[in-house]
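*Asks:* need coordinates for the following:
(chains A and B)
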Protein chains: 2
Amino acid sequence: MPITRVPAAPVCPSTGRLRPLGTDEVRITGGFWAERQRTNASATLPHIFAWLEREGWLGNFDLAARGGLPDGRRGREFSDSEIYKYLEASAWQLGNEPDAALEERFRATVARVAAAQEPDGYLNTRFGRPGQGARWSELAMGHELYCLGHLFQAAVARGRTAPGADDGLLGVAVRAADLVCDVFGEGGIAAVCGHAEVEVGLAELGRLTGEARYVEQARLFVERRGHGTLPDHEWGRAYYQDDIPVREAEVLRGHAVRANYLSAGAVDVAVETGDADLLAALRRQWARTQSRRTYLTGGQGSHYQDEAFGEDWELPSDRAYAETCASIGSTMFSWRLLLATGGAGYADQIERVLYNVVAAAVSHDGDRFFYTNTLHRRDPGVAPDPDAASPRAFSSLRAPWFDVSCCPPNIARTLASVAGLVATTDADGLQVHQFVPATIRTALPDGAPIGVRLETDYPSAGAVKVVVEQAAGRPWTLTLRVPDWAGGATLMRVGTGERVDAEGAATISLTGDFAAGEELVLDLPMAAVFVHPDPRIDAIRGCVAVQRGPVVYCAQSVADDASAPDLAGVVVRTDVAPVPADSGVRVSADWPSPAGSAWPYEPGEAAPAAATTGELLLIPYHDWGNEGLCTMRVWLPAR
Amino acid sequence: MPITRVPAAPVCPSTGRLRPLGTDEVRITGGFWAERQRTNASATLPHIFAWLEREGWLGNFDLAARGGLPDGRRGREFSDSEIYKYLEASAWQLGNEPDAALEERFRATVARVAAAQEPDGYLNTRFGRPGQGARWSELAMGHELYCLGHLFQAAVARGRTAPGADDGLLGVAVRAADLVCDVFGEGGIAAVCGHAEVEVGLAELGRLTGEARYVEQARLFVERRGHGTLPDHEWGRAYYQDDIPVREAEVLRGHAVRANYLSAGAVDVAVETGDADLLAALRRQWARTQSRRTYLTGGQGSHYQDEAFGEDWELPSDRAYAETCASIGSTMFSWRLLLATGGAGYADQIERVLYNVVAAAVSHDGDRFFYTNTLHRRDPGVAPDPDAASPRAFSSLRAPWFDVSCCPPNIARTLASVAGLVATTDADGLQVHQFVPATIRTALPDGAPIGVRLETDYPSAGAVKVVVEQAAGRPWTLTLRVPDWAGGATLMRVGTGERVDAEGAATISLTGDFAAGEELVLDLPMAAVFVHPDPRIDAIRGCVAVQRGPVVYCAQSVADDASAPDLAGVVVRTDVAPVPADSGVRVSADWPSPAGSAWPYEPGEAAPAAATTGELLLIPYHDWGNEGLCTMRVWLPAR
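*Replies:* Numbering: from 1, shown residues only, chains lettered A, B, ... in the order given. Model (predicted):
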């Protein structure tokens, strides 16, 4: 359907199966995500700003403005992008809730960025000045276009949450985008950036401004990739997806953030150009990536070395890289496919990522982060230095900042805009994809108003009540996602007693001319269950995990707690069902005494001498690593 | 015991439990290793020389001699070392068998190296000239001392196989070693090289020349390490073992080549200085590394990113790095411990590495190499470019050369000197550690002559006949290693019928005043058996491997063979014993049809729809990848 009114949403396709509702239409009123949004606003955003200043990454713009570069420049080649992601996160947060101090900081930051822009629109603190590499001279690893992509997304967020704001950010973005089109358009430099991102930025900026040139430039970048315009790489051109044209690829591969950002941009291009073949190719790639290259948590990326996807079934728990940003990229890709096709499975992946990667990657206090999200930590490691940027993956505790610190502002912008992933509409009615206490006010394409309130303790409980607050004045269909983990879901119209079973379908619906005050209740089974992996995932053969609703659980053993369980030798009994406990779930387990020998490979299976038996407490994976150095595992050897 | 006569052996401690026999005393006369030595001499050495020339790494020395550096320099910072390892390999080969052409090439290469040495003894093509980094300015990653360590080992090999040769190599080494002592001795630069190697080189050069200063310098380097004289590293100072003093460490960690080279040098220091505490610490580290951080093949190093050991039990098959050089370093470490202590288990590790890493890392033709030695290859990859240096780990086929090409000349020097790992003596008699057709001529410390011939088809068959060719004139003890995989070994004195059982011991012995012509026969059980891993090795839970004698087997599926087996879904039946076959071993297997689903984690174990049943041929792991692009796995899911 053609989409007319543009909501304050991160992705606003001009056409598609479903219309996204913006953060102006969906207001989160409480629960799991409201609490995280509060922490995001009160702790994470100020924390990020402080580190951007202390590391000098924001100061780079000041140096650029006064001609001081390159001498004093600090940070990696992509550090500009972190300022843009901070701006994007701030824009979404200001859209959620006015805040004079944040607004002032936002404007001041935009002014510092704008002052660094050159007259022709070029904006990057790392290239183009005497003593620096020439503009566009290091496309493979220089991240210039990548940075601009994040600038464009920031401008789009501001443009949609504060239309007509006079801060100047949109103008900065437009000038830069015009330059990109001049330089990289037909007849220009026929190459791509080593790190995809400018594609989504250009597409959304085009959607916001109506400038078709930007979408066309995104199309050019997507089409060019895979033709080897980038130099070969030690890890192969697959590292930056320049090995195979996007429409010919069969699965996501290479650097997992790049792969997901590229795929998201390619969906935008497919949708805006009506390219059904490209869209179908991306759906196939998503499906195979999901079924063979994704962790139980929704995390993606198996390799430390190249931060890359492994091959099919290569999903080691203990070296799971599962970069936070890759999962966020996966939500970008998945949400776009959902809007284009209406497929509910895409929202399953988003839910997994939100509860088990995004929520896990930030500490309870909001000022410590995981860059990688392993599923098995054998060694507690050492605590990160609270006063210095940390390496990307080395401790069981979150770090305040990283030498490569893409993840913290990526989490911040995702949390601030999470309401934009909750619901959509089409001509027939409202679709609820994520279950969160919220109010929804929107209108169907024919103008019929939709006003509902969502009440739920999800994911603690499986009941989701939809209270109609405003009658539409005509029949419409309420559709709710049935998560892939939920067998036996039901939806009931309380007033009439009408009740439908999901019967294995991915959504559940009821149609009616609902009156104000009517209640409909989705009931999802929320028992903790053992989950078994496909036998082709070698790394976790013979293991089980525990999941309750969308939440993956893990065993944690705090290093300085003498009573903490041994996680190296534990064997879980799957004949005893998991039992809810105060802070998690308890399972029965044995601790066989390992035979132990000088050489760990023996003819004949070693019979353990004896076993102690007991219970093992599992906690939500997103809560791990908040109580001190520890070991942890999601997948548990099973008997 | 004090060791008097110095054999032509890579390691010649001045004291120790066992005295090594040199390649002048042990002559390999046929069988598995003789064939590989022939290929090494006829194909591998010329191949390496050609690549050293074409890549310009040898030419760097010519440029240095005529003042042409740094402009034309080619190769990485450690490329000098490959020339030195080539020289070492050539020296051992010339000791095995005179060859006028090789001798001439050896001397010409030495002359080119010598011409590049500076008047004060400094020798490195990468540092110290205008336009280059200053000498010793990049100790962490510059590899200057590492390169010199290999120079010293080359000079030692030449000094022991051609004492008094007038080629000048020993003089080059001595001048460089004197400079190292001047610069890094007490009161000098108090730091170490990021890549250990100079320690073994200095210790052996000291042993050869009698220069105590060199051993003392090795001691200083060993003692200094672990005190953080190197800068912190993204992957931690453990990367170059600068995190913990050698004598305080509990296990090998960090970069696996560096860790093993350092440990080998530390044993040399412990032995020469009588440091029993240091030796005990190294034995403990070896034992824990062996029992928890070593692959079935003897390979070591679990990480691609930092080429490093993983944590205890972290031994993924599919991302096994198992660098060829790390295993060679492990033989250096193990052999030194064997000489110092007499422990037979050290020779078990050497045997594993020789048959399953060294023999696997070079192609049948001798001109293609594996840098890494994975135990599971899921994707065949693409064939390496035959005319270019390859990345280090990317294909199921061996490559002619690498951008970092440490492994080919390391294999060459190991194969050329392998006779030096076969046997030792002590006051009581002869110890045979590796089973290979050979003649041994030596003398016990009291002058009693030992002359025996070893006859065996090992590892094809388990009988090892020791034929006495020269009577010692007094009783002596013949001791043979009983490998850790060999239950039920016996040793029989044929003439008398005297027979002993190993009864679980690591060696088996008979004492007698053996007459010339007498035969003693060791009988080792050589059935193919299933091997089970310690349950704490998560990555191969529920899997078995097949081993026959020292040889590890694997399943291989050649990509262009339509009848090749599917290795992703195979399940081996362990209730049916492996059956010998022409080219390997056959096992019974099922191929269940995987359930397959959009999301590979499900409540309840997926029951496969059906299974086909058949046989799976396993081949020796060291033979894999010689028949075209393929998939491969050592560990097989078991029922």
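*Asks:* residue contacts, the closest residue to A:D178 other than its chain neighbours?
*Replies:* Setting aside the residues directly before and after it, A:D178 is nearest to A:G121 in space (C-beta to C-beta, 6 or more residues apart in numbering or on different chains), at 5.8 Å. Where you see a C-beta, it was placed from the backbone N, CA and C, and this is true even at glycine. Listed by C-beta atoms under 8 Å, 6 or more residues apart in numbering or on different chains, the contact set of A:G121 reads A:R175, A:A176, A:A177, A:D178, A:L179.
*Asks:* what's the closest of those residues to B:A115?
*Replies:* A:L179 (54.8 Å; C-beta to C-beta).
*Asks:* now for whichever strand or helix holds A:Q153, which elements pack on it?
*Replies:* Assigning secondary structure by DSSP states H and E places A:Q153 in helix A:144-161. Applying 3 or more C-beta pairs under 8 Å, 6 or more residues apart in numbering or on different chains; DSSP states H and E, one finds that helix A:144-161 makes contact with helix A:79-96, helix A:169-184, helix A:198-209.
*Asks:* after the shortest one comes which helix or strand?
*Replies:* Using DSSP H and E, the next helix or strand after helix A:198-209 towards the C-terminus is helix A:212-224.
*Asks:* which elements pack onto that next one?
*Replies:* Judged by 3+ C-beta pairs under 8 Å, 6+ apart, the packing partners of helix A:212-224 are helix A:169-184, helix A:198-209, helix A:256-273.
*Asks:* pairing partners for A:R586 in the sheet, please.
*Replies:* Taking DSSP bridges as the rule, A:R586 bridges to A:V579, A:L617.
*Asks:* just say helix, strand or coil for A:W335.
*Replies:* With DSSP: H, G, I helix; E, B strand; the rest coil as the basis, A:W335 sits in helix.
*Asks:* ok, A:P637 next?
*Replies:* strand.
*Asks:* quick check: closest non-adjacent residue to it.
*Replies:* Leaving aside its sequence neighbours, A:P637 sits nearest to A:V571 (C-beta to C-beta, 6+ apart; 4.9 Å).
*Asks:* wait, the one you found touches A:P592, no?
*Replies:* Yes - at 6.2 Å, A:V571 and A:P592 qualify as touching, with contact defined as C-beta atoms under 8 Å.
*Asks:* what do the two both touch?
*Replies:* Going by C-beta under 8 Å, 6+ apart, residues that sit against A:V571 and also against A:P592 are A:A611, B:P535.
*Asks:* before we move on, the earlier item: got the helices and strands packed on helix A:212-224 as a markdown table, with mean neighbour count columns?
*Replies:* As requested, these are exported to a markdown table (neighbours: other C-beta atoms under 10 Å in any protein chain shown):
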| stretch | mean neighbour count |
| --- | --- |
| helix A:169-184 | 21 |
| helix A:198-209 | 28 |
| helix A:256-273 | 27 |
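*Asks:* as CSV, those with mean pLDDT would be great.
*Replies:* Output for the helices and strands packed on helix A:212-224, formatted as CSV (pLDDT from 0 to 100):
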stretch, mean pLDDT
helix A:169-184, 98
helix A:198-209, 98
helix A:256-273, 98
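*Asks:* so A:L282 sits against A:S263, correct?
*Replies:* Yes - look at A:L282 against A:S263 with C-beta under 8 Å: they come within range, at 5.8 Å.
*Asks:* overlap in contacts of those two?
*Replies:* Residues touching both A:L282 and A:S263 by C-beta under 8 Å, 6+ apart: A:V246, A:F333.
*Asks:* how about the helices in chain A?
*Replies:* Along chain A, counting by DSSP state H, helices occupy A:31-39, A:45-54, A:59-65, A:79-96, A:100-115, A:144-161, A:169-184, A:198-209, A:212-224, A:256-273, A:276-292, A:324-341, A:345-353, A:407-416.
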